[in-house]
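# coords below, sequence missing:
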DNA sequence: AACCTATGCACCT
DNA sequence: AGGTGCATAGGTT
């Protein structure tokens, strides 16, 4: 089931399989024709996102299911250990997993569930690093803004 | 086995 | 400080 959520940073596509959220991704293509049907998971996700973007999101209790390789799962698990207002570098995560910075970046790039699994909290040793496969442009602006929302939450 | 990196770092202005 | 180049390591297919 596919729904759209219009966040202050742009439209998000929410995919669920009726028991878990399986995708939450930025979706800039026109989607006005999409009608959001009522479903419990979408309602929960919307509420959580409303809270997040209004500065009062708690830790996530949404059920989500991530499909990926073992390594990707390990990297995504690390993301969930980073609380709002904190960041780790690709190199630091790599060290924890006995891997390399670039490999970690690769797993971040294919994170299927943005924000909820906070890939934006992993940054480069120098600078902000990439986001959604991009190293400049609107996606990086979004990463910057998510980090500043995080700052608000950590207060 | 080849093909990529959302890196890091050294070495420059 | 900020930019460029490239060596490397590991993951993915």
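That came through fine. Please read these numbers as outputs of a predicted model, since none were measured by experiment.

# give me the element residue A:72 is part of.
Following DSSP states H and E, one finds residue A:72 within helix A:70-80.

# Figure out how far whatever helix or strand comes next after that helix is from the centre of its chain.
Next in sequence after helix A:70-80, counting helices and strands by DSSP H and E, comes strand A:88-89. How far strand A:88-89 lies from its chain's middle: 15 Å, per CA atoms, centre = their mean, to the nearest Å.

# From the contact counts, what lies against strand A:88-89?
Packed against strand A:88-89 by the contact rule (3 or more CB pairs under 8 Å, 6 or more residues apart in numbering; DSSP states H and E) you find strand A:122-123. Backbone N, C-alpha and C define where each C-beta goes, glycine included.

# wait, does the very next helix or strand once past the strand it packs on contact DNA strand C?
Heading C-terminal from strand A:122-123, the first helix or strand you meet, by DSSP H and E, is helix A:138-154. No. Helix A:138-154 lies out of reach of DNA strand C by CB under 7 Å from any atom of the strand, never closer than 13.6 Å.

# in terms of contact, does residue A:62 touch residue A:46 like I think?
No. Using CB atoms under 8 Å, residue A:62 is not in contact with residue A:46, being 10.6 Å away.

# Measure how buried whatever residue of chain A ends up closest to DNA strand B is and give me the count.
With CB to the nearest atom of the strand, the shortest gap between chain A and DNA strand B falls at residue A:130, namely 1.8 Å. Applying other CB atoms under 10 Å, we find 20 residues neighbouring residue A:130.
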